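Colleague: Give me a 3D structure for the following:
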Amino acid sequence: MKLHKKNQFITLVLILIAVIAVGCSTQDLNKDQEVESSDKPVVTVTTSFLNDMVYQIAGDTVAREMIIPAGEDPHLYVAKPEDLDKLSKGDLILYHGLHFEGKMVDLLEDRGVAVAKNFDESDIGEFDQDGEIIDDPHFWFDIDLYKKAVDVASEELQKLLPENKEMYQENTENYLQELDELDKYNREELAKIPDENRYLITPHDAFNYFSRRYDMPVIAPQGVSTDAEVAVSEMDNTVNFIVDHQVKAIFAESTTDPKRMESLKEAAAKKGFEVKVVSGDDQELFSDSLAPEGKSGDTYIDMYKHNTDLIVENLK
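Modeller: Okay, here's the model as predicted:
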């Protein structure tokens, strides 16, 4: 990188850290995500999804750095000074795209590669957010789109370490097959839910790709961003839907406050209907992050199976 480009990059990072407004608590990175003193090239990723994706393709042949720790809400993440070091040392920077990374997007576009760059426009979901049409960034719940993202990550890793090209291609092919098996598993399990029970109520709008793929209507009182205020009318509409459709259970998410779902339960009770809130340890849906390493749901495949099993168990 030329000196003036590097200075420009560092300036952009410093500006990012000063102005980004999306907040959450700090958390130590897992040891395998820390860059060791070695000659391995560094792959910097924004989220736990991409951290797992890189590991499935490249294993320990690269050192991985992750910006947003597993278990934290990307919508509320506050950039930290140490993120400058992670981004500046990355030999390859991978990010989601579709504006999932919020105010980091300008910086990431300058140096990084969006794994969503090859998506067909017709495949990308949209939201109406306060009168503005925006892309739905939660593409990982459409396994076909996730496979396209895997292909992009694999191509970039092969460019980074061409001597490992054959290994990366083989790992990618094996992983894509595992993703096909996951899709089959999801379809078979979700088919156990009767048609009259196939309604998924979640805190925020993260499951529309899931809804489209597996034909399960999703209702969420909050929009795409977890830091948005929820209108009273949206809460009332959701409560009415729960009561009218006799929804058996509603689901908390691992990165959102479960109190909103409890509020829906209380409001439904006032209308004479009891609905179960599925929440607590290992009883929450994963939406915007995988679980921290060592916990259930710490890989993409385990995360998706966890979600499917939890939904089926409580709605069938």
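Colleague: now the helices: where do they sit in the stretch 51-200 of the chain?
Modeller: Taking DSSP state H, counting those that start in this stretch, the helices of the stretch 51-200 of the chain run over residues 81-88, 105-111, 143-160, 165-190.
Colleague: In this structure, which residue sits furthest out from the middle?
Modeller: With C-alpha atoms, centre = their mean as the measure, the chain has its most outlying C-alpha, relative to the mean C-alpha position, at Gly272: 35.6 Å.
Colleague: Give me the most central residue, the protein.
Modeller: Within the chain, the residue whose C-alpha comes closest to the C-alpha centroid is Asp288; the distance, by C-alpha atoms, centre = their mean, is 3.4 Å.
Colleague: Regarding that one, what are the backbone dihedral angles?
Modeller: The phi and psi torsions at Asp288 (degrees, to the nearest 10) take the values phi -100, psi 0.
Colleague: correct me, but it touches His75?
Modeller: Yes - in this structure, Asp288 is within contact of His75 by C-beta atoms under 8 Å, at 6.7 Å. Backbone N, C-alpha and C define where each C-beta goes, glycine included.
Colleague: Where does pLDDT dip in the stretch 201-316 of the chain?
Modeller: Across the stretch 201-316 of the chain, residues meeting the criterion (pLDDT under 70) sit at 222-231.
Colleague: And the strands in it?
Modeller: Per DSSP state E, counting those that start in this stretch, the stretch 201-316 of the chain has strands spanning 218-219, 249-251, 276-278. These are given in chain order.
Colleague: got JSON lines for those, with distance to Gly131 and mean neighbour count too?
Modeller: Below are the strands of the stretch 201-316 of the chain laid out as JSON lines (distance: least, C-beta to C-beta, whole Å; neighbours: other C-beta atoms under 10 Å):
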{"stretch": "strand 218-219", "distance to Gly131": "21", "mean neighbour count": "18"}
{"stretch": "strand 249-251", "distance to Gly131": "28", "mean neighbour count": "23"}
{"stretch": "strand 276-278", "distance to Gly131": "32", "mean neighbour count": "18"}
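Colleague: which stretch among those comes nearest Glu262?
Modeller: Proximity to Glu262, assessed across the strands of the stretch 201-316 of the chain by C-beta to C-beta, is greatest for strand 276-278 (5.8 Å).
Colleague: neighbouring strands for the closest one, and are they parallel or not?
Modeller: strand 249-251 (parallel) (DSSP bridges).
Colleague: So what's the gap between the partner strand and the chain middle?
Modeller: In terms of C-alpha atoms, centre = their mean, to the nearest Å, the centre of strand 249-251 is set 20 Å apart from its chain centre.
Colleague: The chain should start at 878 in everything you say after this.
Modeller: That works, and once the first residue is 878, the last one we named lands at strand 1126-1128.
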